[in-house]
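Student: I would like the atomic coordinates for the input below:
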Amino acid sequence: MPAAGRRTLAGLTSPARVQAYLDSMRYSTDRFYRCPRRVIIDRRAHCFDGALFAAACLRRLGHPPLIVDMHAERDDDHLIAPFRVDGCWGAVAMSNFAGLRYREPVYRSLRELVMSYFENFYNLDAERTLRTYTRPLNLAAFDALGWMIEDAPLEVIAERSDRVRRIPLLTPRQIRRLAPLDRRSFRAGMLGTDMAGVYRPRPRRRRA
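Tutor: This next block holds a predicted model:
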């Protein structure tokens with residue numbers, strides 16, 4: 001790690017500072033993964049890169065390096081790095097959407113934390129898209145692969161995350177009743193969004 005990178009890490013002394021550092025970066029629209037070391041060098045990340053970077057930084061602060069995958073319908077999934085303070089959950093995250101980033105550690109359960117993202121999790125058709133989430137995956141299991149300093153192991157982590165059991169958030173009836181997001185909230189969540197990195201849902205088929 002270059003000296004400048006070590007100084008950067010030394011200044012990330014709280015989850016909020018880790019988030020502020022991620023917020024200072026450009027959102028990456030690249031289709032490849034960056035390890036935490038490369039995130040510092042390139043100063044860009046997408047949600048997967050950002051979650052792993054945050055998990056590595058949180059580990060330096062005494063938290064286990066965890067990630068949680070939130071799965072969506074007709075939308076991109078989203079990865080966060082959760083942490084606990086005094087028994088309550090918070091999260092650090094990188095996102096192209098304004099409302100899918102930091103959460104203060106005030107949520108009494110992991111499900112409560114994940115549901116705090118629900119209203120801000122929507123696609124270009126203004127559909128609320130969050131459906132399931134995974135239990136935390138501890139990245140310490142991948143230490144032998146060098147995930148914090150090498151890009152190569154990240155595909156293994158992504159594949160393992162995809163195999164973690166998904167926990168549903170909504171019932172089918174609740175999903176059918178969901179109303180579109182209002183235009184003001186839609187515009188607010190898109191503030192600063194790089195449209196090159198936004199999922200574009202296919203048109204729904206009309207029923208005969």
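
Student: and the helices in this structure, which stretches?
Tutor: 3-10, 15-23, 36-42, 47-60, 110-115, 154-163, 172-177, 183-189 (DSSP state H).

Student: so which of these is the most surrounded?
Tutor: Highest mean neighbour count among these (mean count of other CB atoms under 10 Å): helix 47-60, with a mean of 25. To be clear about C-beta, it is placed using only N, CA and C from the backbone, and glycine gets the same treatment.

Student: quick check: mean pLDDT of that helix?
Tutor: Helix 47-60 shows a mean pLDDT of 98 in the predicted model.

Student: so Arg59 makes contact with Phe53?
Tutor: No. Arg59 is beyond contact range of Phe53, at 10.8 Å (criterion: CB atoms under 8 Å).

Student: hmm, back to that, in CSV, list the helices of the chain along with distance to Ala144.
Tutor: Listed next are the helices of the chain as CSV, based on distance: least, CB to CB, whole Å:
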stretch, distance to Ala144
helix 3-10, 22
helix 15-23, 24
helix 36-42, 16
helix 47-60, 15
helix 110-115, 27
helix 154-163, 11
helix 172-177, 41
helix 183-189, 39
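
Student: which among these is found nearest to Ala196?
Tutor: helix 47-60 (14.7 Å; CB to CB).

Student: which elements pack onto that closest one?
Tutor: On a contact count with 3 or more CB pairs under 8 Å, 6 or more residues apart in numbering; DSSP states H and E, helix 47-60 meets helix 15-23, helix 36-42, strand 66-72, strand 78-85, strand 88-92, helix 154-163.

Student: neighbouring contacts of the last one?
Tutor: Read that as helix 154-163. 33-35, 48, 52, 67, 69, 79, 134, 137, 139, 142, 145, 147 (CB atoms under 8 Å, 6 or more residues apart in numbering).

Student: try it again at 10 Å.
Tutor: Applying CB atoms under 10 Å, 6 or more residues apart in numbering, the external contacts of helix 154-163 come out as 32-36, 38, 48-49, 51-52, 67-69, 71, 77, 79, 134, 137, 139, 141-142, 145, 147.

Student: what of the first one?
Tutor: For helix 15-23, the surrounding residues in contact (CB under 10 Å, 6+ apart) are 8-9, 11-12, 14, 39-40, 43, 45, 49-51, 53-58, 60-61, 63, 81-83, 85, 90-95, 98, 101-105, 192.

Student: please apply the same query to the second one.
Tutor: Around helix 36-42, the neighbours that count as contacts under CB under 10 Å, 6+ apart are 1-2, 4-6, 8-9, 21-22, 25-26, 28, 30, 32-35, 44-46, 49-50, 52-57, 59, 65, 94, 139, 146-151, 154.

Student: and the worst-scoring helix or strand of the chain on mean pLDDT, what does it pack against?
Tutor: Ranking every helix and strand in the chain by mean pLDDT, DSSP states H and E puts helix 3-10 at the bottom, with a mean of 82. Packed against helix 3-10, as judged by 3 or more CB pairs under 10 Å, 6 or more residues apart in numbering; DSSP states H and E, are the following elements: helix 15-23, helix 36-42, helix 47-60.
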